[in-house]
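1. only geometry, no sequence info:
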């Protein structure tokens with residue numbers, strides 16, 4: 001649900017709840033518990049003249065899995081509703097209009113480009129977290145910052161920060177209160193200055209996977225068992241080329257499987273062969 005289509009936060013919240021499974025039954029009680037207030041007060045806010053405080057609005061943003069930008073917009077809507085004079089209400093109304101216009105400009109700029117720009121690439125490839133979150137969004141399980149944070153064992157604030165960037169770069173999109181893969185193309189050429197950083201990030205992640213091998217052994221029998229292989233070989237240059245061709249073909253075969261596969265989990269596979 002696009003919060004920027006709303007000029008009244010109560011209308012947004014009521015529509016948000018109605019679009020939840022079972023028409024949001026029990027959601028008001030959940031909000032009340034998280035905000036440490038009575039459920040009756042939540043109903044008064046949604047249906048009468050009461051309003052959330054700004055402090056409660058910040059917490060509400062986390063409950064709704066809003067990005068930082070969406071949270072800022074929600075704060076503007078609440079401040080407008082809480083305004084004690086027509087002049088102050090008009091002031092926040094202008095702020096809201098400006099905010100929405102800026103979001104439209106950003107969206108139009110992203111839709112005009114198929115690929116992410118160089119600056120966004122620098123952030124995207126700066127850490128393995130960005131690609132991991134991007135991949136998680138493509139699955140059927142991880143569509144909120146909270147779920148992403150739990151899966152990657154990072155803070156919810158960090159997950160929200162990454163989601164905010166991916167949204168702003170047009171890499172992912174938000175639909176029906178969940179995040180989905182965007183339509184923009186992401187390709188890193190072999191001559192890109194970021195290619196070394198990209199490979200290093202995931203090699204370091206592979207090393208941390210080795211360190212966590214003991215923990216993985218304690219998981220249930222149905223879990224995926226990590227595989228690590230390193231081999232130093234002595235062969236002719238011609239045979240080395242043949243082995244390289246086999247490895248390349250295995251990647252091509254794997255990519256066909258990946259393209260046809262449903263998505264419910266993410267994995268990393270790295271493959272190296274180089275002359276020492």
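-> Thanks, I have the structure now. Predicted, not measured: the structure shown is a model, and the values here were computed from it.

2. low pLDDT regions in the protein?
-> For the chain, the stretches flagged by pLDDT under 70 are 106-115, 177, 183-185, 212-224, 274-276.

3. Contacts only, for the residue nearest the centre of it.
-> By Cα atoms, centre = their mean, the mean C-alpha position of the chain lies nearest to residue 163, the distance being 3.4 Å. Residue 163 makes contact with 67, 133, 145, 148, 172, 179, according to Cβ atoms under 8 Å, 6 or more residues apart in numbering. Any C-beta I mention is one placed from the backbone N, CA and C, and that applies to glycine too.

4. so the last one sits in a helix?
-> What it means is residue 179. No: under DSSP: H, G, I helix; E, B strand; the rest coil, residue 179 sits outside any helix and is assigned strand.

5. now the helices for the stretch 51-200 of the chain?
-> Secondary structure of the stretch 51-200 of the chain by DSSP state H, counting those that start in this stretch: the helices cover 54-63, 68-82, 86-111, 118-124, 128-137, 145-152, 156-168, 195-211.

6. Redo these as JSON lines? Include distance to residue 270.
-> Below are the helices of the stretch 51-200 of the chain laid out as JSON lines (distance: least, Cβ to Cβ, whole Å):
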{"stretch": "helix 54-63", "distance to residue 270": "35"}
{"stretch": "helix 68-82", "distance to residue 270": "32"}
{"stretch": "helix 86-111", "distance to residue 270": "31"}
{"stretch": "helix 118-124", "distance to residue 270": "18"}
{"stretch": "helix 128-137", "distance to residue 270": "11"}
{"stretch": "helix 145-152", "distance to residue 270": "18"}
{"stretch": "helix 156-168", "distance to residue 270": "21"}
{"stretch": "helix 195-211", "distance to residue 270": "6"}
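
7. which stretch among those helices comes nearest residue 239?
-> Proximity of these to residue 239 was assessed by Cβ to Cβ; the nearest stretch is helix 195-211, lying at 24.9 Å.

8. Check which residues of the closest one are buried.
-> For helix 195-211, the neighbour count (16 or more other Cβ atoms under 10 Å) marks 198, 201-202, 205 as buried.

9. Against which helices or strands is it packed?
-> helix 128-137 (3 or more Cβ pairs under 8 Å, 6 or more residues apart in numbering; DSSP states H and E).

10. Just want the angle from the helix it packs on to helix 145-152.
-> Using axes from the mean of the first three to the mean of the last three Cα atoms, to 10 degrees, the inter-axis angle of helix 128-137 relative to helix 145-152 is 110 degrees.

11. Report the buried members of the contacts of residue 163.
-> 67, 133, 145, 148, 172, 179.

12. ok, what's across the strand from the fifth one?
-> Think residue 172. Here residue 172 sits in beta bridges with residue 181, going by DSSP bridges.

13. so who does it touch?
-> 134, 137, 163, 166, 179-182.

14. Please repeat the previous calculation with a cut-off of 7 Å.
-> 134, 137, 166, 179-182 (Cβ atoms under 7 Å, 6 or more residues apart in numbering).

15. In PyMOL, how would I select just the buried ones from the residues you listed?
-> One line in PyMOL is enough to select the buried members of the contacts of residue 172, burial here meaning 16+ other Cβ under 10 Å:
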select buried, resi 134+137+166+179+182
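
16. with the contacts of residue 172 in mind, which one is nearest to residue 246?
-> Distances from residue 246 to these, taken by Cβ to Cβ, are shortest for residue 134, at 29.6 Å.

17. buried ones in stretch 52-71?
-> Residues of stretch 52-71 classed as buried: 52, 56-57, 60-61, 64-71 (neighbour count, 16+ other Cβ under 10 Å).

18. just curious, which of the residues you listed is nearest to residue 43?
-> Distances from residue 43 to those, taken by Cβ to Cβ, are shortest for residue 52, at 12.5 Å.

19. so how far is stretch 122-133 off the chain centroid?
-> Centre-to-centre, stretch 122-133 and its host chain are 11 Å apart (Cα atoms, centre = their mean, to the nearest Å).

20. Name the residues that touch stretch 144-151?
-> Here stretch 144-151 has contacts from 65, 133, 136, 141-142, 155-156, 159-160, 163, using Cβ under 7 Å, 6+ apart.

21. ok, of these, which come out buried?
-> The buried subset of the contacts of stretch 144-151 - by 16+ other Cβ under 10 Å - is 65, 133, 136, 142, 156, 159-160, 163.
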